[in-house]
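*Asks:* here's a sequence, model it:
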Amino acid sequence: MADLFTSDTGKNVAETAPRPLADRLRPRKLSEVIGQQQVLGPQAPLGVMLESGSLSSLVFWGPPGVGKTTIARLLADETDLHFIQVSAIFTGVPELRKVFEEARHRRSNGQGTLLFVDEIHRFNKAQQDGFLPHMEDGTILLVGATTENPSFELNAALLSRAQVLVLERLSLADLEHLAQRAEQELDRSLPLDGPAREALLEMADGDGRALLNLIEQVAAWKTDGKLNTASLAGRLMKRAAKYDKGGDEHYNLISALHKSVRGSDPDAALYWFARMLTGGEDPRYLARRIIRMAVEDIGLADPQAQTVCLHAWETYERLGSPEGELALAQAVTYLALAPKSNAGYAGFKAAMAMAKRTGSEPPPKHILNAPTKLMKDQGYGDGYAYDHDAEDGFSGQNYFPDGIKRPVIYQPVERGFERELKRRLDYFSKLRAKKN
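*Replies:* Got it, this is the predicted structure:
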């Protein structure tokens, strides 16, 4: 009678059980990895390390499904290191202690350990610090994987001991190469016409593992002839775009939206705005950021810009989604085409810096009110010139603290309404110079 792990034919059950396509196509050597030549090429970081026989601790930063785990495992094979994989989600301090102890024992017997830590950013500071002594004494060679920006999520001490390598989402050409490899493994072509095949690749959104899962579904269908795009869309649910409202993609996309507005490109601005909405971003967050763009990048070059944004937000609150989002989209378009100036923003920052630098310097006495006799005796209000009584309605008096050289803080640009403000500023500057 066969035991629990052996079939009647004598084969191990694990060997005869069906394996997912992604597992069957897992590369057996680094040369079989699709994409990532920016880290694997002969002159790229890993290529150079392997050529020199000197592999250092690494952190792989990139989106899901681009080969982080596979590359780590193959690096262990290439360097004759024992491969251990743990996940920061399921591994605690006791399990890590056991891993380190086994690695230490392995090292005493002449073999090193490559410890691959998936989702390493999920370890807290104390847990991350726990790797340091074992990295320094050579007990382990650490390879961490993260989908989050290591600069924000990993300790500086750990980053100083590891090289960060960026893995990129797979291109359509990479995904097509992977699809062809899958068809060879399945020994049949996918039942899709050209446009449907391209649509399938786009559904994977740069994720090789996701593509193989989709291919496995499509290959199992019993069809007569090739399916078109509409038929494919009817049978498959489109994969949601990668977007984490609290992570890197959130900040990357809002940065892209803001810079597109600043760069006066309404098409790009609307695209990134739509990307954030389709990713599930809260429109109220976008409304706040749109107003910030109006204040920071347009300012007084178009004073109406803030009003447009506030009205768009109010319209959204009254209509809700999805109708109200059109008002926000129109505000984005208006901002992108508005004249740009950060003079108000720069002037405010300069004023704040000057205020911190000058400390508690009092205003000049001639502009202080004197409600008591004592204050009058101290010179409060003495010599104040009432501007409405002056010629041109302008006295030209000094309003900065005594002893401080008059600075130039607000410098309007020759664009939009600020062109008029600059004309006024120049006018008052000439009058001031004449009166003083």
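*Asks:* how close does Glu198 get to Leu192?
*Replies:* 9 Å (Cβ to Cβ, to the nearest Å). Every residue, glycine included, has its C-beta placed from N, CA and C.
*Asks:* please say which of the two ends up with more neighbours.
*Replies:* Per other Cβ atoms under 10 Å, whichever of Glu198 and Leu192 has more neighbours is Leu192, with 22 against 15.
*Asks:* so that one versus Ala199, what's the distance?
*Replies:* As judged by Cβ to Cβ, Leu192 and Ala199 stand 8 Å apart.
*Asks:* give me the common contacts of the two.
*Replies:* Residues touching both Leu192 and Ala199 by Cβ atoms under 8 Å, 6 or more residues apart in numbering: Leu232.
*Asks:* circling back: which neighbours do Glu198 and Leu192 share?
*Replies:* In contact with both Glu198 and Leu192: no residue, using Cβ under 8 Å, 6+ apart.
*Asks:* pLDDT weak spots in the stretch 101-250 of the chain?
*Replies:* By pLDDT under 70, the weakly predicted segments of the stretch 101-250 of the chain are 237-248.
*Asks:* could you pull out the helices for it?
*Replies:* Under the criterion DSSP state H, counting those that start in this stretch, helices of the stretch 101-250 of the chain are mapped to 125-129, 132-136, 150-153, 156-159, 172-186, 194-204, 208-219, 229-235, 248-262.
*Asks:* show me what the second one is packed against.
*Replies:* Under the contact criterion of 3 or more Cβ pairs under 8 Å, 6 or more residues apart in numbering; DSSP states H and E, the helices and strands touching helix 132-136 comprise helix 93-108.
*Asks:* how about the helix it packs on: buried residues?
*Replies:* For helix 93-108, burial by neighbour count (16 or more other Cβ atoms under 10 Å) applies to Leu96, Val99, Phe100, Ala103, Arg106, Arg107.
*Asks:* ok, now stretch 293-313?
*Replies:* Applying 16+ other Cβ under 10 Å to stretch 293-313 flags 293-294, 296-302, 305-306, 308-309, 312-313 as buried.
*Asks:* kindly indicate which of those residues lies nearest Ala385.
*Replies:* Distances from Ala385 to the buried residues of stretch 293-313, taken as Cβ to Cβ, are shortest for Leu300 (27.5 Å).
*Asks:* ok, the closest one - contacts?
*Replies:* Neighbouring residues of Leu300 by Cβ under 8 Å, 6+ apart: Ser341, Ala343, Gly344, Pro412, Phe417, Glu418, Leu421.
*Asks:* how about the third one: what's its closest non-neighbour residue?
*Replies:* So that's Gly344. The shortest distance from Gly344 to any non-neighbouring residue, by Cβ to Cβ, 6 or more residues apart in numbering, is to Gly299 (3.8 Å).
*Asks:* I'd say that neighbour and Ala343 touch.
*Replies:* Yes: Gly299 lies in contact with Ala343 (Cβ atoms under 8 Å); the separation is 6.3 Å.
*Asks:* now do the shared contacts for those two.
*Replies:* Common contact partners of Gly299 and Ala343 (Cβ under 8 Å, 6+ apart): Glu418.
*Asks:* circling back to that earlier point, pLDDT score for the residue nearest to Gly344?
*Replies:* Per-residue confidence at Gly299 stands at 95 (pLDDT).
*Asks:* send me stretch 307-323 as PDB with only the CA atoms.
*Replies:* This file holds the C-alpha atoms of stretch 307-323, laid out as PDB (Å, rounded to 0.1, in the frame of the first residue of the first chain):
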ATOM      1  CA  THR A 307     -12.200  80.500  -7.400                       C
ATOM      2  CA  VAL A 308     -12.600  78.000 -10.300                       C
ATOM      3  CA  CYS A 309     -11.100  75.300  -8.100                       C
ATOM      4  CA  LEU A 310     -13.200  76.100  -5.100                       C
ATOM      5  CA  HIS A 311     -16.400  76.100  -7.300                       C
ATOM      6  CA  ALA A 312     -15.400  72.800  -8.800                       C
ATOM      7  CA  TRP A 313     -15.000  71.300  -5.400                       C
ATOM      8  CA  GLU A 314     -18.400  72.700  -4.300                       C
ATOM      9  CA  THR A 315     -20.000  71.300  -7.500                       C
ATOM     10  CA  TYR A 316     -18.500  67.800  -6.700                       C
ATOM     11  CA  GLU A 317     -19.900  68.000  -3.200                       C
ATOM     12  CA  ARG A 318     -23.400  68.800  -4.600                       C
ATOM     13  CA  LEU A 319     -23.300  66.200  -7.400                       C
ATOM     14  CA  GLY A 320     -21.100  63.500  -6.000                       C
ATOM     15  CA  SER A 321     -19.500  60.800  -8.200                       C
ATOM     16  CA  PRO A 322     -19.200  60.300 -11.100                       C
ATOM     17  CA  GLU A 323     -20.900  63.500 -12.400                       C
END
